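> Pasting a predicted model and its sequence here:
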Amino acid sequence: MAEISPARLEAPARVAGAPPAVTVVVPTRNEADNVGPLADRVRAAFGDQPVEIVFVDDSDDATPSAIEAIAERHPDEVRLIHRVSQERAGGLGGAVVAGISAARAPWVVVMDGDLQHPPETAPQLLAAGRAETAQAVVASRYRQSGRVDGLGGWFRRTVSRGSGRLAKLFFPLRLRGVTDPMSGFFAVRRDAVRPAELRPDGYKILLEMLVRNRIERVAEVPYTFRSRTAGESKASLPEGLRYFRHLAGLRLSMMRRPQSAYGRMAGFALAGAAGTAVNSVALWALGELAGLPYLLAAFLAVQVAIVWNFAVIDHLVMPPGARARHHRFGRFLLLNNSLTPLHLGLLFALVRWGGLHYLGANVVAIIVVFALRYIVTSSWVYGT
Ligand code: GDD
Ligand code: MN
C-alpha cells in the first residue's frame, strides 16, 4: 500500500511525536471537491484536541492531489494512503480497515468523505464513547432525533431501512441496541479492532467489525444524514447484491467457528433438540409402523440420530479441526455408541420400573445422555 505524502509529512520527528487524541479515517473515491471543506470542518469541530486525518483513497480523479494540497497546509494532521487498483480489494470496507490499521490515536472516527456525515457530530461520538466507556459508538439516523434527509427517494430509504432490519434478524444478539448497523459513520477504540479477523467486502464494515471482532459495548448518537452537494454516490445494485453475499457469508462463517464455549454449547443444544425430534420420529416409525421390539427400534433410532447430529454439528458448530471428515465421523459414531448401552439401559429401566411409555422414556434417556455426550465429545473428538 503506497502511503503518498510530502516527504516532510512522514519525517520521523513528526511520526514519533505525541500521538493524536483521535484519528479520523475517511475513505474516498472521487471526492475531489469535498475533501478540502471536510478537512477544515473536521479540524474546527475538534477545537484544540490534537487530531489526525487519514484519507484512504481509491480514486481515479484529482482527489489525491486535492488531499496532498491539504496535507501541505496541515502537515502534522493530514495523511494520505492512496491505493493503486490492485490494492482495492474489499472496496470501501477494505479502505476503512487500512485506515484503522494505520491510525495512531486510541480512538478512531470513520466517516464518509462527501460531507453527508456532518463533521460536527464526530466529537460527540468520542464524548459518548468516553462517557459510556464504550468500545464503539455508532452515529445513527434512526435513533431519537436522527434523520435520513439526504438519503434520497423512498426506494433508497426502504432499501436502507430493510437491510438494517435484515442484519438485525441475522445477528439479534450481536446487534442488540444498535439501531443503524448499516452506518458508515462511527467511532471505535483502536484496541477493539483486530484487522486480521476481518474480511471486508464493500460497504458494511461496521457490521463486520461488530460481529467478527465481538465488540460488546456499543453506544449510539443520533445524527441527520445530509444531502450530497458535490460528486455522486457509489452505491449501486451490484453493491446491494454484494451486501447480501456479505451478510450470508458472515452468518455462515460465524456459525462455523463460534470461538466461545457458550456459542458452541448453544449450537450443540440446538442441534441436540433437532436430533431428539429425529430420534423420536425414527423410534416411532420403527416401533409403531415397522413393529420392531422397542429396544431394537431404539438402538436403530439412535444410529439415525447420530448420523443426523454429526452432519449438523460438523457443518455448523465445531471449528473444522485438523482431522479428515471420515475420521471425525468414525470417532463420533464410536463415541456416541459408547453411550448407547447407558441409553438403552435407562430406557429399559424407565419403561420397566418407571411405568413410562417407551417413546416418553426415550426422550428422558436422550436428555440424560446429552449432558454426558457434550462434555466428552468436545474434549475427545475436537480436542477443545
Ligand atoms: N476508498 C474507497 N474505496 N472509498 C470509497 C469506495 C471505495 O471503493 N466506494 C465509496 N467510497 C467512499 C466515498 O467516496 C464516500 O466518501 C464514502 O465512501 C461513501 O460512499 P457513497 O457512495 O457516498 O455512499 P452512500 O452515501 O451511498 O452510502 C452511505 O450511506 C449508507 C447508508 O445509506 C455510506 O455511509 C454507507 O456506508 C452507508 O451504509
Ligand atoms: Mn454518500
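Here it is on my side, so go on. Ligands and ions are numbered 1, 2, ... in the order given.

> shaky segments in this structure?
Applying pLDDT under 70 to the chain flags the ranges 1-18, 256-268, 313, 315-323, 373, 377-378, 380-384.

> The residue in the chain that ligand 1 sits nearest to: how many residues sit nearby?
Closest to ligand 1 within the chain is Gly184: 2.4 Å, counting by C-beta to the nearest ligand atom. To be clear about C-beta, it is placed using only N, CA and C from the backbone, and glycine gets the same treatment. For Gly184, the tally of surrounding residues (other C-beta atoms under 10 Å) stands at 20.

> what about the closest residue in space to it that isn't next to it in sequence, which helix or strand?
Nearest non-adjacent residue to Gly184, counting by C-beta to C-beta, 6 or more residues apart in numbering: Asp112, 5.4 Å away. For Asp112, there is no enclosing helix or strand under DSSP states H and E.

> ditto for the one 5 residues further on
According to DSSP H and E, His117 maps onto no helix or strand at all.

> right, and it touches Asp180 too?
No. Using C-beta atoms under 8 Å, His117 makes no contact with Asp180, being 11.8 Å away.

> anything in contact with each of the two?
Ala139 (C-beta atoms under 8 Å, 6 or more residues apart in numbering).

> returning to what we had before: contact partners for the residue nearest to Gly184?
With contacts defined as C-beta under 8 Å, 6+ apart, Asp112 is in contact with 26-27, 184-185.

> One more: Ala69?
Going by C-beta under 8 Å, 6+ apart, Ala69 touches Gly36.

> Show me which residues of the stretch 1-150 of the chain are close to ligand 2?
Within reach of ligand 2 by C-beta under 5 Å from the ion, the stretch 1-150 of the chain has these residues: 114, 116.

> just the strands in the stretch 1-150 of the chain please.
In the stretch 1-150 of the chain, the strands defined using DSSP state E, counting those that start in this stretch lie at 22-28, 51-57, 78-82, 107-110, 136-140.

> Which single residue of the stretch 201-350 of the chain ends up nearest ligand 2?
Ser233 (5.0 Å; C-beta to the ion).

> coming back round to it: please name whichever of the strands of the stretch 1-150 of the chain is nearest to Thr121.
Smallest distance to Thr121 across those (C-beta to C-beta): 5.7 Å, for strand 136-140.

> Each with direction, which strands does that closest one pair with?
Strands flanking strand 136-140 in the sheet, each with its direction: strand 186-189 (antiparallel), strand 218-222 (parallel) (DSSP bridges).

> In CSV, list those along with distance to Val22.
Shown next, in CSV, are those (distance: least, C-beta to C-beta, whole Å):
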stretch, distance to Val22
strand 186-189, 8
strand 218-222, 15
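
> Quick one: residues contacting the nearest residue in space to Ala187 that is not next to it in sequence.
Excluding the flanking residues, the one nearest Ala187 by C-beta to C-beta, 6+ apart is Leu125, at 3.9 Å. Applying C-beta under 8 Å, 6+ apart to Leu125 gives the contacts 109, 137, 139, 185-187, 221.

> of those residues, closest to ligand 2?
Closest to ligand 2, out of all of those and judged by C-beta to the ion, is Phe185, at 10.2 Å.

> residues in contact with that closest one?
Phe185 is in contact with 110-112, 117, 121, 125, 138-139, 223, counting by C-beta under 8 Å, 6+ apart.

> rerun that using 7 Å as the cut-off
110-112, 117, 139, 223 (C-beta atoms under 7 Å, 6 or more residues apart in numbering).

> still on that earlier bit, between the strands of the stretch 1-150 of the chain, which one is nearest to Asn213?
strand 136-140 (9.1 Å).

> Send me the closest one as CSV with only the CA atoms.
Output in CSV follows, covering the C-alpha atoms of strand 136-140 (Å, rounded to 0.1, in the frame of the first residue of the first chain):
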residue,chain,number,x,y,z
ALA,A,136,-17.7,1.7,19.7
VAL,A,137,-20.2,4.5,19.1
VAL,A,138,-22.5,4.4,16.1
ALA,A,139,-23.8,7.6,14.6
SER,A,140,-27.5,6.6,14.0
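
> Please list the outside residues in contact with that strand.
Residues from elsewhere that reach strand 136-140 (C-beta under 7 Å, 6+ apart): 117, 121, 125, 128-129, 146, 178-180, 183, 185-188, 192, 206, 215, 218-223.

> Which positions in the strand or helix carrying Gly240 come out as buried?
Assigned by DSSP H and E, Gly240 belongs to helix 237-256. Using 16 or more other C-beta atoms under 10 Å as the test for burial, helix 237-256 gives 242-243, 246-247, 250, 254.

> Does Leu270 lie in a helix or a strand, and which?
Going by DSSP H and E, Leu270 is part of helix 261-284.

> returning to that earlier point: would you say the residue of the stretch 201-350 of the chain closest to ligand 2 is within a strand?
No. Using DSSP: H, G, I helix; E, B strand; the rest coil, the assignment for Ser233 is coil, not a strand.

> still on that earlier bit, now the buried residues of helix 237-256 as a markdown table including distance to Val22?
Formatted as a markdown table, those follow (distance: C-beta to C-beta, whole Å):
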| residue | distance to Val22 |
| --- | --- |
| Arg242 | 30 |
| Tyr243 | 29 |
| His246 | 28 |
| Leu247 | 30 |
| Leu250 | 28 |
| Met254 | 30 |
